[in-house]
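Novice: here are the coordinates; sequence isn't available:
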């Protein structure tokens, strides 16, 4: 099965937006065994877009386009598809109902006329409803080819690929691929590859691939079979062996996030938590609260960015700050203890560090972070040196401290 | 001057590597007024690559290819170019000297034979020496077109673009492009276009384009001229007119973010701020603290996720919660006042809402958020209904409340 990915948008063509859609779609298609031979980026230009679609239809079984489905004159992907296939563009009544319902629910009616462009479709095609935006996608089966138009914003496009494209292509390709992701924190990509290279080089089914994200690593085990049961059976012994190799670096699987794993552990152990944040500035709290149902264990967070706040609410002694500095092991420890007492919780976490870009010294450089962890009367501290941007220091600190808490709870 | 960017590599095609080269090159070319009409990604396949180059030559004045210049059998870009232009591939003696010299200096000689592939060039083309790698690039002038082959690794490609491509194209194109981005919150893409469509349709220089991000809108004004001064002069009246149309929906320009604008206003007015967050869970605080130098105005944030926390630290009366619920106008107001007093700050912001996915009722559905703003003794409240995911409710609330504060401060 041959496929081409066409991404439409002048912002891509001008280099204002990185084309992550093509990368993401290519990866998804590779996983289900569809061969992608070309990615193309074209701007919001009718003729060039039409020609691109015509050429893609000639050479492929599947074409996935993203972008150009919105309400404005610039959005012309459906029009170009209609012309490429010599079809009329007609209003879809079902799509009109869907659009009006969406506007009524969200904005109390009040649809500006150009929004109705989103209800026009090439004759014979099928609207694909968008749970996260007002532009529906479109599926057209034409000359034995499948053509999918998906919206450009990744958070709209990805769930629509999963709902409307994946299963169909998998079925037609007549083999299923089963992937399981092992999620790790605290090990780099090259060390991980070194540790498992004998397994990787001896395997063809399942295959093993590593992907590094920001501070995390995913090891994906993918097996190919004609049934899900068989695929699982093929993967299982390899997954067990990888778990043995990586030991407590493994924090979870598939959809797990470090925060969801930590919250689950807290619930299991019926422990409440509160957070005192200086350099992370609310990011640990915000990360924990992104987990639904967190309220049974999360008590409070205090963003104590100033010394005043640390002294007044977290009972950090002024002398301690004078002697060791606000960014110190001693202050991090007291902040952790202080927030547990302030909020009357079982666990207190604290961070204090120099996120940069300014504020660093020779002795205490940008990227130096002290963290404190107070668990039921016991106090632990640790020190990180993170070579990254302001945002990177804050994000990595959040990840590392949550992983530390996970290991302590396990 | 029309251009196409062709990126070669199976790792791009499979989605293992994000194609940042195309984005970077596109941006560079846009800046010097070269019109990029297409980006293409093809794998390491001789025929498809040759066809891609042939097609690109037909339609463009400039073609920039990246990747496929190395020593292995997979590297075939120069071969494909030679065939596309019906030229012989010949060894370049100067390139042999350069390569041998490089290997002598770095590895004490010891060149494996396949490295000499890197000294073969289409007849009549010119090697472009690579300061950061062993694969030279290549420039071919063919039928009045400029074709540049650059290596794939960004750290090799970028300096080579700057040394060998930029000046030449700038000189030949004799024009520069100047863009200014107007940044808006509180208006949708289609309403914005409706409001300015007469300006957009009457303009060819500057051009006007809108881009929607998550809850924000950017209107880009781009003018073309032979000097920067002239380009600015062309854009200025259009920018002024757009500002008049959008009024206080405009929060900034170019690199501004809503948080950087708010922090600047607070600094100008010497006002301190603190935040009480329930549903946003630290996101407002974390967003503000992402701005370097925030410490002169940001005092504290309390993530008061529980009723207990609201009552104990923010002086929300228990009766108020009983009568109106924790998610109410009354509680949001008291939280804002309460945090300003708790932190002794001039301004207090507060949020309380139902981020979902659970916890909604008919009367108070998921997405209902109350916000409070306490500014030097005066209390304001507002209500949002945000139809989005848990994360979306929290992110949009953050954006909206910061924009509200901006308008209040201006």
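Specialist: Cool, the structure landed. If you're wondering where the values come from, they're calculated on a predicted model, not measured in any experiment.

Novice: Let me know the next secondary structure element after the lowest-mean-pLDDT helix or strand in chain A.
Specialist: None of the helices or strands of chain A scores lower by mean pLDDT, DSSP states H and E than strand A:207-212, at a mean of 79. Using DSSP states H and E, the helix or strand that follows strand A:207-212 in sequence is strand A:216-225.

Novice: show me the contacts for the closest residue to residue A:68 other than its chain neighbours.
Specialist: Excluding the flanking residues, the one nearest residue A:68 by C-beta to C-beta, 6 or more residues apart in numbering or on different chains is residue A:77, at 3.5 Å. In short, each C-beta sits where N, CA and C put it, glycine included. By C-beta atoms under 8 Å, 6 or more residues apart in numbering or on different chains, the residues touching residue A:77 are A:8, A:49, A:65, A:67-69, A:149.

Novice: With residue A:126 instead?
Specialist: Counted by C-beta under 8 Å, 6+ apart, residue A:126 has contacts A:138-140.

Novice: Could you check the pLDDT of residue A:92?
Specialist: Note on residue A:92: pLDDT of 96.

Novice: That one against residue A:127, yeah?
Specialist: Yes: contact criterion C-beta atoms under 8 Å: residue A:92 and residue A:127 qualify, at 5.5 Å.

Novice: who wins for most neighbours among the contacts of residue A:126?
Specialist: With neighbours defined as other C-beta atoms under 10 Å in any protein chain shown, the most crowded of those is residue A:138; it has 25 neighbours.

Novice: if we can go back for a sec, which residues are in contact with the least confident helix or strand of chain A?
Specialist: Against strand A:207-212 from outside (C-beta under 8 Å, 6+ apart): A:188-189, A:192-193, A:196, A:199-200, A:217-223, A:238, A:242.

Novice: Filter those residues down to just the buried residues.
Specialist: Listed as buried from these are A:192, A:196, A:217-223, A:238, A:242; burial here means 16 or more other C-beta atoms under 10 Å in any protein chain shown.

Novice: Which ones, among these, also lie beside chain B?
Specialist: Applying C-beta under 8 Å from any C-beta of the partner chain, the subset of those adjacent to chain B is empty.

Novice: Which one of the residues you listed is nearest to chain B?
Specialist: residue A:220 (11.7 Å; C-beta to the nearest C-beta).

Novice: Tell me the bridge partners for the closest one.
Specialist: Beta-bridge partners of residue A:220, counted by DSSP bridges, are residue A:181, residue A:209.

Novice: quick one: contacts for it?
Specialist: A:179-182, A:208-211.

Novice: Give me the buried subset of those residues.
Specialist: A:179-182, A:208-210.

Novice: Considering these, which is situated nearest to chain B?
Specialist: For the buried ones among the contacts of residue A:220, the nearest to chain B is residue A:209 (8.3 Å; C-beta to the nearest C-beta).

Novice: residue contacts, residue A:8?
Specialist: Counted by C-beta under 8 Å, 6+ apart, residue A:8 has contacts A:41-44, A:49, A:65-68, A:77, A:152.

Novice: ranges for the helices of the stretch 51-200 of chain A?
Specialist: Ranges of helices within the stretch 51-200 of chain A are A:77-84, A:93-107, A:154-164, A:166-173, A:189-202, based on DSSP state H, counting those that start in this stretch.

Novice: same deal with the stretch 251-400 of chain A?
Specialist: A:258-269, A:283-289, A:307-314, A:318-324, A:329-343, A:390-409.

Novice: so the last one versus strand A:216-225, what angle?
Specialist: Read that as helix A:390-409. Angle, helix A:390-409 to strand A:216-225, by axes from the mean of the first three to the mean of the last three C-alpha atoms, to 10 degrees: 70 degrees.
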